[in-house]
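[1] Provide a 3D model corresponding to the input given below.
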Amino acid sequence: MITQESSSILNFDNTEIAFRNKSDKDLERAYWLFKMVASNALIKIGTPITNFSLNIGLPIQGIIRNTIYKQFCGGETIQGCSNAIEELGKGNVTTILDYSVEGEETEESFDACCNEVLSTVAFARTNKLISFCVFKPTGIGRFDLLAKVDAKEELTAAEKEEFARLMDRCDRICKACHDAGIRVLIDAEHSWVQDTIDDIAREMMEKYNKQQPIVYNTYQLYRHDKLASLKADFAYAEVQNFYLGAKIVRGAYMEIERERAAEKRYPSPIQPTKDASDVDYNNAIMFCMDNIERIGLMAGTHNDSSCMLLASEMDKRGIAHDHPHVFFAQLLGMSDNLSFNLGAAAYNVAKYMPYGPVKSVMPYLFRRAQENTSAAGQTGRELSLIIKEKKRRKNLKK
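    Purely as a prediction, here's the structure:
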């Protein structure tokens, strides 16, 4: 039985706990994958080649399925994720089922995505190891439509109907989660559609977060204005008497944001330095801790220091490790040293588990790989932990 322990004995370098559910073969595969991801040139060359091969039907899906897909995805269907969900559960880590098909642009695809998310909600009703559902707003509505609303441009009659359908899909998902008592995360996107997404998330929270935090908006703290947004949304939640759901992350679109700002000649929304992002991220953690009875916090981070800060603050304030308003989260296949050591200390921790058909999920996987190469030290950290565990196991066999 896992019991609550003080954060003072948390050790994110404990590779025995981190890789307990990984075979030697799994470790070796992960080692070579992260070696490849560490090569920017390989990612840049491999992405178009793989896309081309998939599009013309070359038989490479088996290779992908047994390498990068196996490391970072749970399966091709909800049911196909069951084994991966159970494996995480053995380490006291829950799952966020994430249907990761990207780049679709038709009403039929938006309806299909909505229905798939609703299926994850139905599945979560029967599986206690699923702690959150999640959806990407551009999975249920057209990006350019969100951008037009964000720019406050006049919509045509057809566009107004289209936006109403987007809102209906969003409401159906949030209502289903409310009725099932399942939390749902609304992912963040690019800054030129994010104000509209924030408005939608606030409306859903006001509607469905009256008794507890069910709907969570995402705050990207690599933006210099998002700590202020978090505080403003909390003030509004207090006035309107609902719980704020806040998933705080550093962010995922830094290079795109800076390039677009330079191209269109407006001030970049991105923090001037990495340190500034870190300061705002940790200040967001402290703000949520100060108001934890009214805020549901998900700290989505692969940063050791931020995880330790939150764990320590919970102990200092006498907040139970399994307090329902506090979750840590990392991506499947990454930062197992954080996830499983937090789980072993009885904190609420979840893994984002992407799933979907191999070909359809590849754009997501390539985006994650590119983000990983630009995240300072992340790949090197993964490799050093894998090497440490391989050496530990080798020494045990002597």
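[2] phi first, then psi, for Ala345.
    phi -90, psi 10 (degrees, to the nearest 10).
[3] equivalent analysis for Ser23, please.
    Backbone torsions for Ser23, taken as degrees, to the nearest 10, come to phi -80, psi 170.
[4] tell me the confidence at it?
    With respect to pLDDT, Ser23 scores 93.
[5] next: Leu33.
    For Leu33, the pLDDT comes out at 81.
[6] what of Ser100?
    85.
[7] burial of it, as a residue count?
    24 (other Cβ atoms under 10 Å). C-beta here means a position set from N, CA and C on the backbone, and glycine is covered the same way.
[8] the one 4 residues further on too?
    Counted with other Cβ under 10 Å, residues neighbouring Glu104 total 16.
[9] mind checking how far the residue nearest to Cys113 when sequence neighbours are not counted is from Asp171?
    Among residues not flanking Cys113 along the chain, Gly139 sits closest, at 4.4 Å (Cβ to Cβ, 6 or more residues apart in numbering). From Gly139 over to Asp171 the distance is 15 Å, taken as Cβ to Cβ, to the nearest Å.
[10] more neighbours, the two?
    It is Gly139, of Gly139 and Asp171, that has more neighbours when counted by other Cβ under 10 Å, with 22 against 15.
[11] quick check on the more buried one: phi, psi?
    Gly139 adopts backbone torsions of phi -80, psi -20, taken as degrees, to the nearest 10.
[12] again, but for the one 4 residues further on
    Main-chain torsions, Phe143, degrees, to the nearest 10: phi -60, psi -50.
[13] just the buried residues of stretch 174-193, please?
    Using 16 or more other Cβ atoms under 10 Å as the test for burial, stretch 174-193 gives 174-178, 182-193.
[14] stretch 262-269 now?
    Ser268, Pro269.
[15] and the contacts of it?
    The contact list for stretch 262-269 (Cβ atoms under 8 Å, 6 or more residues apart in numbering) reads Ser191, Arg223, His224, Asp225, Glu257, Arg258, Ala261.
[16] the second one bridge partners, please.
    Using DSSP bridges, the bridge partners assigned to Arg223 are Ile270.
[17] how far away is it from Lys390?
    On the measure of Cβ to Cβ, Arg223 and Lys390 end up 39 Å apart.
[18] repeat that for the first one.
    With distances defined as Cβ to Cβ, the gap from Ser191 to Lys390 amounts to 41 Å.
[19] out of the helices and strands in the chain, which is least certain?
    helix 40-55 (a mean of 55; mean pLDDT, DSSP states H and E).
[20] which stretches of the stretch 201-350 of the chain form strands?
    215-220, 244-249, 295-300, 326-331, 349-355 (DSSP state E, counting those that start in this stretch).
[21] of those strands, which is nearest Met36?
    Checking the strands of the stretch 201-350 of the chain against Met36 by Cβ to Cβ gives strand 326-331 as the closest, at 17.1 Å.
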